[in-house]
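Undergrad: Just to be clear, the model below is a prediction. Sequence and coordinates:
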Amino acid sequence: MPLDAICLAAVREELSERIVGMKIDKVQQPERDIIILTLRGAGGQCRMLISGGSGDARVHLTEHHFENPASPPMFCMLLRKHISGARIVSVTQPAAERILEIKLSAPDALGILSEKHLIIELIGRFSNIILAGDERLIIDCLRRVGGELSDKRAVLPGLLYRLPPLQEGKLNPLTVTVDGWQEAFDRSAEKTVDKWLLSEFSALSPLICRELSWRAYRETDYPVGDIRDGGAALCNEFFEIINAAKKGEFQPWAITGADNALRDFSYTRIMQYESALSVIRKESFSVLLDSFYTRKTQLERIRQRTAATAKTVKTAHDRLVRKLAVQQEELKKTKERDSLRECGDIITANIHLMKKGQIELISRDFYSEDGGMRKIILDSKKTPQQNAARYYKEYTKAKNAEKVLTEQIIIGENELKYLESVITEIELAGEESDLPGIRDELEQTGYIKAKKHEKQKSKEAEPMRFESSKGLTILAGRNNTQNDRLTLKNALKTDVWLHIQKSHGSHVIITCNGVVPDETSLYEAAVIAAYFSSARAGGKVPVDYTFVKYVKKPPGGQPGMVIYTDYKTIIVTPDEELVSRLRRRQGS
């Protein structure tokens, strides 16, 4: 993992400067593997996230908000009992280990201070969060390990905390000498440089091993057997990075793709990708880890929880698409109904020449411009008069069908647009508080059934709130039902309404009460509208804006559907960083 022991040392150094001396004000456990500590001190308030997940173990300050469960887990209750009100004394890290130890001075029930240790082990599938007392006796832990689960080390309440066993046969890069490094290189087996580094040294991630290979030999998988300088170039690059780490010269670098999505990160500038990926320096390691892990894991959790709902909506969408295709084909056939009436007229004009039992009539076609002949199929069991009546009846039926099908297709197309908007809602859901509103909307529209004996529904989240750079409040709906309420009930007629042009997205309101908003606020509101829309991943996006008084709901319109006039259009690009910054300004 990129969060190796050296990168963790950079995080430890940053955290020490920020949180030592602060008090733990609140303890939350929003997820099984995540602990959130709200800290207060002379410098204000901050929140520290501690994750013991096997794939995303980490510790850093966070700006993200989490939904708490209805009742806190037992481990959370235990932490509240022992460390609420505790002061952070120090943040330390055993040499070359992916372990942080936060030393606390915590008051007991009588107000007497005692020493506590919050130990965070970030070691892959064995990651854990452990609370120990002043004798380093384990009070409890996120994951209890012992007996059949571990033949090397038990982690259980009442046992003395011991560090995990060292990796056998690996050298510590922070203490190895040049001679020791050279000795290890001289006995290297036939493998690539990055694989040799990874197998010979602890505390180095695969990314750093590939980077050292690239810096020394301009290849990330350069064969050791092809080295002709006795490893001198590799040795120089190795100790350049290690010596910088010893001096605390760390820099938070993020690696992004063409879509601006974070791909990796490091404590040193990564150059191996050249122009294939971008390398961006972040303002801190907490910002780096928060953006790399927290948002991604939140969205993955939401995707899992919306999977069943998304499948239901997608099934209804696909079924409606097939139904509309059949109706369009039937409507196309009704356009040919005039030929049915013409056949009835030709039969009527030739009744005196026809006999019962005929299977066809071949007669001059007086509807043809060139006076040609027309062949008309007859029902031999019917009289000529009955055959003529049958064609007139089919003509009338086709004429009526055209009207009915046209109406059904319009209704179906509106319903299809609505389902597409719900699919967009689900895809854009960025917080778990968005989910109840989407489900309630689908229950009201009849696409999913309300659960029997369902407990009282949780209160729907408020619209998303932002504050523009000029201080204006901007609101954005989370779902179609909330869009209707926000635009048609809550907003003033003199507020400004924004929406992405000809596509699905949130209704956005600038609460300006008749005052024309400044260009900066208008632009920022348009970016919010573009970001919370189906065009989020696109480039330039047209956003329409007008006063709320020009926005109306059409008769029979589905939730979220409106029509508007007297609008202007602004072209913007969705910008996640700008949206996050404006939301932090509002403090929501």
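TA: Thanks, I have it.
Undergrad: Can you tell me the centre-most residue of this protein?
TA: residue 299 (3.5 Å; CA atoms, centre = their mean).
Undergrad: Can you name the residues in contact with the helix or strand that residue falls within?
TA: For residue 299, the element it lies in under DSSP states H and E is helix 295-305. The contact list for helix 295-305 (CB atoms under 8 Å, 6 or more residues apart in numbering) reads 31, 53, 56, 64, 66, 262, 429, 430, 431, 432, 434, 435. The way it works is simple: take the backbone N, C-alpha and C, and place the C-beta from them, glycine included.
Undergrad: Only whichever of these are buried, select them in PyMOL.
TA: Of the contacts of helix 295-305, the buried ones can be selected in PyMOL as follows, counting by 16 or more other CB atoms under 10 Å:
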select buried, resi 31+53+56+64+66+262+429+431+432+434+435
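Undergrad: Just flag the most distant two among the contacts of helix 295-305.
TA: By the measure CB to CB, 262 and 435 form the most distant pair in those, at 24.6 Å.
Undergrad: quick one: contacts for residue 61?
TA: Neighbours of residue 61 in contact, by CB under 8 Å, 6+ apart: 15, 18, 19, 46, 47, 48, 49, 284, 286, 290.
Undergrad: and the residue nearest to the first one when sequence neighbours are not counted, how far is that from residue 26?
TA: Put plainly, it is residue 15. Counting by CB to CB, 6 or more residues apart in numbering, residue 15 lies nearest to residue 91, which is 5.2 Å off, once chain neighbours are set aside. Plainly put, residue 91 is 19 Å away from residue 26 if you go by CB to CB, to the nearest Å.
Undergrad: neighbour-wise, which of these two wins?
TA: Comparing residue 91 with residue 26 by other CB atoms under 10 Å, the one with more neighbours is residue 91, at 22 against 13.
Undergrad: from memory that one sits against residue 14, does it?
TA: No. Residue 91 lies out of contact with residue 14 (CB atoms under 8 Å); the separation is 9.6 Å.
Undergrad: List the buried residues for the helix or strand containing residue 103?
TA: Taking DSSP H and E as the definition, residue 103 sits inside strand 99-107. Buried residues in strand 99-107, counted by 16+ other CB under 10 Å: 99, 100, 101, 102, 103, 104, 106.
Undergrad: My guess is the third one contacts residue 115. True?
TA: Pointing back at residue 101 there. No. Counting by CB under 8 Å, residue 101 stays clear of residue 115, with 11.7 Å between them.
Undergrad: lowest confidence element among the helices and strands of this structure?
TA: Least confident helix or strand of the chain, by mean pLDDT, DSSP states H and E, is helix 295-305 with a mean of 75.
Undergrad: Quick check: buried residues in it?
TA: Those would be 297, 298, 302, for helix 295-305 by 16+ other CB under 10 Å.
Undergrad: tell me which strands and helices the helix or strand following that helix is in contact with?
TA: Counting by DSSP H and E, the element after helix 295-305 in chain order, helix or strand, is helix 307-334. When contacts are defined as 3 or more CB pairs under 8 Å, 6 or more residues apart in numbering; DSSP states H and E, helix 307-334 sits against helix 384-428, helix 434-444.
Undergrad: what secondary structure does residue 39 sit in?
TA: At residue 39, secondary structure determined by DSSP: H, G, I helix; E, B strand; the rest coil is strand.
Undergrad: Use 55 as the first number from now on
TA: In the new count, where the first residue is 55, that last one comes out as residue 93.
Undergrad: What is the neighbour count of it?
TA: 21.
Undergrad: who are the neighbours in contact with it?
TA: 73, 76, 77, 78, 79, 99, 100, 101, 102, 142.
Undergrad: buried stuff in stretch 535-549?
TA: 535, 536, 537, 538, 539, 540, 541, 544, 545, 549.
Undergrad: Looks like the second one contacts residue 494 (just checking).
TA: This points to residue 536. No. Taking CB under 8 Å as the definition, residue 536 is not a contact partner of residue 494, at 9.9 Å.
Undergrad: related to what we said a few turns ago, tell me what angle the least confident helix or strand of the chain forms with helix 488-498.
TA: Between helix 349-359 and helix 488-498, the angle comes out at 20 degrees (axes from the mean of the first three to the mean of the last three CA atoms, to 10 degrees).
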